[in-house]
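[1] no sequence for this one, just the structure:
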């Protein structure tokens with residue numbers, strides 16, 4: 001069942017007489033519960049695509065439908081509600097609040113999401129229940145990333161958007177994070193969308209969307225994607 005649909009979406013930025021077409025007439029659909037990788041070099045339009053899907057930006061032209069709602073027509077308040085209730089974000093550099101404990105960082109999403117899950121359960125799911133009272137500075141990079149994933153999952157989103165989630169991690173910790181994200185797609189029906197330039201991550205995907213110069217160059221469906229520990233890093 002399709003949960004995301006882009007129809008001839010373009011995003012154009014202008015500055016004086018200069019025009020930058022970050023995305024150019026992009027169309028695709030994503031099914032629920034898939035592990036999707038958006039692959040391409042720097043400047044290809046990957047992050048722009050992710051920002052549009054996450055409601056952090058709006059298209060210049062075109063239509064974006066998520067779970068039956070045309071989010072390209074939502075106003076700022078409606079987009080804020082959409083982000084709070086339907087989308088989880090995992091960034092490369094964690095974005096944890098340094099003055100809050102691990103538990104408080106994850107619990108915080110209950111204030112914005114009406115369907116938030118139990119914070120302790122999500123922290124346990126990422127294997128860090130014994131770090132509830134630690135502050136982010138007391139954690140390794142991999143542990144902070146796992147907490148950022150727990151926070152995103154605590155919102156109970158339909159879609160989890162990840163921008164280079166392993167870019168700052170060593171290979172062993174990166175595999176651990178990717179295995180967790182795969183589990184969310186395979187066992188819990190979440191649609192996971194990862195933006196990356198890492199070809200190895202693409203080997204794990206159900207769907208690979210290749211982007212270059214603001215356009216989709218290929219959409220590949222993989223019948224037998226590899227598990228995280230089967231990929232040579």
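    Yep, it's here. Note that this is a predicted model, so its numbers are computed, not measured. Residues are numbered from 1 along each chain as shown.
[2] give me the number of residues near residue 92?
    17 (other Cβ atoms under 10 Å). In short, each C-beta sits where N, CA and C put it, glycine included.
[3] which residues does the residue lying closest to residue 149 once chain neighbours are set aside bridge with?
    Leaving aside its chain neighbours, residue 149 sits nearest to residue 90 (5.5 Å; criterion: Cβ to Cβ, 6 or more residues apart in numbering). Following DSSP bridges, residue 90 is listed with bridge partners residue 162.
[4] how about the helices in this protein?
    Here the chain has its helices, by DSSP state H, at 46-53, 76-86, 102-107, 119-125, 141-154, 171-188, 199-202.
[5] per-residue confidence averaged over the third one?
    By that I understand helix 102-107. For helix 102-107, the mean pLDDT works out to 96.
[6] again with the fourth one
    When pLDDT is averaged along helix 119-125, the result is 90.
[7] so how far is residue 138 from residue 147?
    With distances taken as Cβ to Cβ, to the nearest Å, residue 147 is found 11 Å from residue 138.
[8] go ahead and confirm residue 152 touches residue 94.
    No. Residue 152 lies out of contact with residue 94 (Cβ atoms under 8 Å); the separation is 10.9 Å.
[9] how many other residues sit next to the closest residue to residue 153 other than its chain neighbours?
    Distances taken as Cβ to Cβ, 6+ apart place residue 122 nearest to residue 153, at 5.2 Å, with adjacent residues excluded. Neighbourhood size, residue 122 [other Cβ under 10 Å]: 24.
[10] check the offset of stretch 126-146 from the chain's centre.
    When distances are taken as Cα atoms, centre = their mean, to the nearest Å, stretch 126-146 is centred 20 Å away from the chain's centroid.
[11] check contacts around residue 199.
    The contact partners of residue 199, taken as Cβ atoms under 8 Å, 6 or more residues apart in numbering, are residue 39.
[12] helix or strand with the lowest mean pLDDT in the protein?
    Across the helices and strands of the chain, mean confidence by mean pLDDT, DSSP states H and E is lowest for helix 171-188: a mean of 84.
[13] ok, residues contacting that one?
    The list of residues contacting helix 171-188 from outside it, by Cβ under 8 Å, 6+ apart, reads 33-35, 125-126, 140-142, 145-146, 149, 153, 160, 162, 165-166, 169, 190-192, 194, 201, 204, 206, 227-229, 231, 233.
[14] let's go with 6 Å and repeat that
    Residues from elsewhere that reach helix 171-188, judged by Cβ atoms under 6 Å, 6 or more residues apart in numbering: 33, 35, 142, 145, 166, 190, 192, 228, 233.
[15] for the residues you listed, which single residue is the most surrounded?
    Neighbour counts for these, by other Cβ under 10 Å, peak at residue 145, which reaches 29 neighbours.
[16] for that residue, what are its contacts?
    Here residue 145 is in contact with 94, 177 (criterion: Cβ under 6 Å, 6+ apart).
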